[in-house]
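Student: Sequence below, structure please.
(chains A and B)
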Amino acid sequence: QQQVKQSPQSLIVQKGGIPIINCAYENTAFDYFPWYQQFPGKGPALLIAIRPDVSEKKEGRFTISFNKSAKQFSLHIMDSQPGDSATYFCAAKDAGNMLTFGGGTRLMVKP
Amino acid sequence: GAVVSQHPSWVICKSGTSVKIECRSLDFQATTMFWYRQFPKQSLMLMATSNEGSKATYEQGVEKDKFLINHASLTLSTLTVTSAHPEDSSFYICSARTGTLYGYTFGSGTRLTVV
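Tutor: Reported below is the predicted structural model:
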């Protein structure tokens, strides 16, 4: 069954902290793992993405760590800011080009 | 970058009426578009995949006669919610493959409220 399990459901950190969001999957045929940021009333926007042949990718303050053997990947947000407060979704793409989304994590960064 | 324009951003309609939501790719051709539904504080649920010039593929449990999808051109896909009922109230989001490697871009969403 194609599922992506995301945790935690919600997360509160202080400004400057490093929130970490985790995702796990079962389907080894997934070949692309993006992270999306969604603000209330808006569509998701791509933050960063990784392929399974890479263990880590960093873009600005966002880093994905990927553990292929464990079938897990995570998003780290360095030096988090109140403007990062949003809902974050991990996703995974299969060979049929369908995206399966995790359940989402509501992040609040306190000033 | 690739932009998907979705309209309207919000709509209120009466029960029993139909509502059309448009999704346009502005600077690229989208042979495949996806339609999602999102309930408050929940994840995106894929409703259907539309391919230009062919019938849409609906996910299990989605009524294709209720949610009509048309993808008549490489830049436009529409979702029509027919005979809308209050339980159809939701946030609808379209997405398109951009043509870049593994790239997807999303519309800004449509908040549908059926009264």
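
Student: so how many other residues sit close to the residue lying closest to residue B:51 once chain neighbours are set aside?
Tutor: Nearest-residue entry for residue B:51: residue B:32, 5.5 Å, with adjacent residues in sequence omitted and distances by Cβ to Cβ, 6 or more residues apart in numbering or on different chains. Every residue, glycine included, has its C-beta placed from N, CA and C. For residue B:32, the count of nearby residues is 17 (other Cβ atoms under 10 Å in any protein chain shown).

Student: And for residue B:11?
Tutor: Look at residue B:11: counted by other Cβ under 10 Å, it has 17 neighbours.

Student: isn't it right up against residue B:20?
Tutor: No - Residue B:11 is not in contact with residue B:20 according to Cβ atoms under 8 Å; the separation is 9.2 Å.

Student: Wait, residue A:6 touches residue A:105, no?
Tutor: Yes - between residue A:6 and residue A:105 there is a contact under Cβ under 8 Å: 6.1 Å.

Student: Report the mean per-residue pLDDT for stretch B:91-99.
Tutor: Averaged over stretch B:91-99, pLDDT sits at 90.

Student: What's the local residue count around residue B:81?
Tutor: Neighbours of residue B:81 under the rule other Cβ under 10 Å: 23.

Student: Around the closest residue to it other than its chain neighbours, how many other residues sit close by?
Tutor: Of all residues not flanking residue B:81 in the chain, residue B:19 sits nearest, at 4.8 Å (Cβ to Cβ, 6+ apart). Residue B:19 is flanked by 19 other residues according to other Cβ under 10 Å.

Student: same deal with residue B:37?
Tutor: 20.

Student: can you check residue B:1 too?
Tutor: When neighbours are defined as other Cβ under 10 Å, residue B:1 has 9 of them.

Student: Show me which residues of chain B sit near chain A.
Tutor: Residues of chain B lying close to chain A (Cβ under 8 Å from any Cβ of the partner chain) are B:4, B:6, B:9, B:32, B:34, B:41-44, B:46, B:49, B:91, B:93, B:95, B:97, B:102-109, B:111.

Student: Of these, grab the buried ones for ChimeraX.
Tutor: For the buried members of those, the matching ChimeraX selection, counting by 16 or more other Cβ atoms under 10 Å in any protein chain shown, is:
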select /B:4,6,32,34,43,44,46,49,91,93,95,97,102,103,104,105,106,107,108,109
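
Student: Apart from its neighbours in sequence, what residue is nearest the residue of chain A found nearest chain B?
Tutor: Scanning chain A for the residue nearest chain B gives residue A:43, at 3.8 Å (criterion: Cβ to the nearest Cβ). Distances taken as Cβ to Cβ, 6+ apart place residue B:106 nearest to residue A:43, at 3.8 Å, with adjacent residues excluded.

Student: quick one: that neighbour and residue B:91 touch, right?
Tutor: No - using Cβ under 8 Å, residue B:106 is not in contact with residue B:91, being 11.6 Å away.

Student: what sits against the residue in chain B positioned nearest to chain A?
Tutor: Closest to chain A within chain B is residue B:106: 3.8 Å, counting by Cβ to the nearest Cβ. Residue B:106 sits next to A:36, A:43-45, B:4, B:93-95 when contact means Cβ atoms under 8 Å, 6 or more residues apart in numbering or on different chains.
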